[in-house]
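> Got a sequence here, can you build the structure:
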Amino acid sequence: MSRASRAARATFAALEIPNYRKYTAGQSVSLVGTWMQSTAQAWLVLTLTHSAVALGAIVALQTLPVLVLGAYGGVVADRVDKRRLMVLLQSLMGLQALVLGVLTVTGLVRVWQIALLAVVLGLNNTFENPSRQAFVLEMVGPRDLRNAVSLNSVMVNVARAVGPAAAGLLIASVGVGICFLLNAASFVAVVASLLAMDRAQLSPSPPARRARGQLRQGLSYVAGVPELLLPLLMMALVGTLAYEFQVVLPVLASHTFHGDARTYGFMTAAMGVGAVMGGLVTAARGGTGLRPVTLAAAAFGLVLLLAAVAPDVALEYLALALVGWASISFIARGNSTLQLNAAPSMRGRVMALWAIAFMGTTPIGGPLVGWITAAGGARAGLGTGALSCLVAAAIGLLARRRWRPQAGPGAAPETVAEEELSDLSA
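Now for the predicted structure:
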């Protein structure tokens, strides 16, 4: 086997698993629609209100349920069949997109309706996200988990490259409502892929029995495992201030560079192209643990600074491509580190906390970054995100100097995690 063949096989190892191939096929269609809706919704709100603060508020409402109920969503994920729950929730998400699309194309849409439907979508994400994150391990097993998580990130960002650019063209040609209707149709693909899976080839985690105190137990467990706590704290800081691109990029496109919906779509697409490249590199060669997560956070901060000072739109596209690369590296390394170090019976709750740190912090960060952007411009919003990444990297660096892993180099992460859980239960 040639070196190129070995590299390709290592990069796409998880795709050798039939169920994961089906999952990827369905998600790849649905995610393009999701990014189209995200782009269209941001542009619609900005068109109706002409306010970065209002845009930040809508984004905050969409993620508020994750902040308030996200930890309980993880409890539910640990109790139920994750595949069945995903089928139900993905179907409901398609219905939400359909309602928003019909309201928009008929000219009846109002900001309060967008806000209400954003909350509905957020409720779905609260329970679907931890189930989906934990379900990856059930499809591919521990050996291919990092590869699968990285390929998931690639898939998300291929969609990020295609979806926003397509949305920008559709908004300019046939109107914003078509984006929502196409997203509604895209959910058929992901539901069909989940129903078509060979259940005998899945390795579901034993469901946790319903009992009192499971949410509190999950929080206490994470607090006692540095391999889990530190990446979560870093993501909480970065998620609050750096991942508010839905708030910053429309303003960057329209006010800073005096562009239109196509400019915004191409900015988001540039991030997606960079993230695809970064995700493929991470899939083939990425590591897990606090050191790789810390390095990725530092790189993310530096390229965000570059994006904040780019003097023209061409250089901005290049800077945002680097932002996409560093962003996906940080997400993939942090996600894999958590899943590989979490006890199977706790994985849903751990990944729910990851979702809270990533998305659930937006009700705080969205309005805050919206206010910073309204007061100081989009460059100030990007600079704030850069600072948060560099502070997170400093936290990781200081923690590495003070903390040493409890396991030896040959210990299995799940064994360590189960020992921590046994100590907690005792």
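> which stretches of the stretch 151-300 of the chain have low pLDDT?
157, 160-161, 208, 211, 283-287 (pLDDT under 70).
> In it, what residue spans correspond to helices?
177-195, 214-223, 226-241, 245-251, 261-285, 290-309 (DSSP state H, counting those that start in this stretch).
> cool, and the stretch 301-426 of the chain?
Under DSSP H, counting those that start in this stretch, the stretch 301-426 of the chain gives helices at 313-341, 347-355, 362-376, 378-402, 413-425.
> Give the other helices and strands that the third one contacts.
Helices and strands touching helix 362-376, as assessed by 3 or more C-beta pairs under 8 Å, 6 or more residues apart in numbering; DSSP states H and E, comprise helix 52-79, helix 226-241, helix 245-251, helix 378-402. C-beta coordinates here come from the backbone N, C-alpha and C atoms, glycine included.
> The second one - contacts with which helices or strands?
Which is helix 226-241. By 3+ C-beta pairs under 8 Å, 6+ apart, helix 226-241 packs against helix 214-223, helix 290-309, helix 313-341, helix 347-355, helix 362-376, helix 378-402.
> Next, the angle from it to helix 347-355.
Angle, helix 226-241 to helix 347-355, by axes from the mean of the first three to the mean of the last three C-alpha atoms, to 10 degrees: 40 degrees.
> which parts of helix 226-241 are buried?
For helix 226-241, the neighbour count (16 or more other C-beta atoms under 10 Å) marks 226-232, 234-241 as buried.
> Of those residues, which is the nearest to Ser51?
Ser51 has its nearest neighbour among the buried residues of helix 226-241 in Leu241, at 19.8 Å by C-beta to C-beta.
> Identify the residue spatially nearest to the closest one, adjacent ones excluded.
Ranked by C-beta to C-beta, 6 or more residues apart in numbering and with sequence neighbours excluded, the top spatial neighbour of Leu241 is Ser388, at 3.8 Å.
> surely Thr263 meets Phe257?
Yes. If you go by C-beta atoms under 8 Å, Thr263 and Phe257 touch, sitting 6.3 Å apart.
> and the residue lying closest to Glu244 once chain neighbours are set aside, how many neighbours?
Of all residues not flanking Glu244 in the chain, Val369 sits nearest, at 4.1 Å (C-beta to C-beta, 6+ apart). By other C-beta atoms under 10 Å, the residues close to Val369 number 31.
> Surely Val369 is in contact with Gly385?
Yes. Val369 sits in contact with Gly385 when judged by C-beta under 8 Å, with a separation of 7.4 Å.
> intersection of neighbour lists for these two?
Common neighbours of Val369 and Gly385 (criterion: C-beta atoms under 8 Å, 6 or more residues apart in numbering): Leu241, Glu244, Val248.
> How much space separates the residue minimising distance to the centre of the chain from Gly175?
Here the mean C-alpha position of the chain is nearest to the C-alpha of Phe358 (C-alpha atoms, centre = their mean), at a distance of 6.7 Å. Per C-beta to C-beta, to the nearest Å, Phe358 is found 31 Å from Gly175.
> now Val251
22 Å.
> do Pro344 as well
Distance from Pro344 to Gly175, by C-beta to C-beta: 47 Å.
> give me every residue that touches Val29.
Here Val29 is in contact with Ser186, Ala189, Val190 (C-beta under 8 Å, 6+ apart).
> Neighbours of the last one, how many?
Same thing as Val190. For Val190, using other C-beta under 10 Å, the count is 27.
> same thing with the one 3 residues further on?
Burial of Ser193, expressed as a neighbour count using other C-beta under 10 Å, amounts to 22.
> give the contact list for it.
Contacts here follow C-beta under 8 Å, 6+ apart; on that basis Ser193 touches Lys22, Tyr23, Ala25, Gly26, Gln27.
> Turn these into TSV, including pLDDT, secondary structure and distance to Ala374.
Listed next are the contacts of Ser193 as TSV, based on pLDDT from 0 to 100; DSSP: H, G, I helix; E, B strand; the rest coil; distance: C-beta to C-beta, whole Å:
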residue	pLDDT	secondary structure	distance to Ala374
Lys22	93	helix	45
Tyr23	93	helix	40
Ala25	91	helix	41
Gly26	92	helix	39
Gln27	91	helix	35
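> who wins for most neighbours among these?
Tallying neighbours with other C-beta under 10 Å puts Tyr23 at the head of the contacts of Ser193, with 27 neighbours.
> How about that one, nearest residue that isn't a chain neighbour?
That would be Ser193: by C-beta to C-beta, 6+ apart, it lies 5.7 Å from Tyr23.
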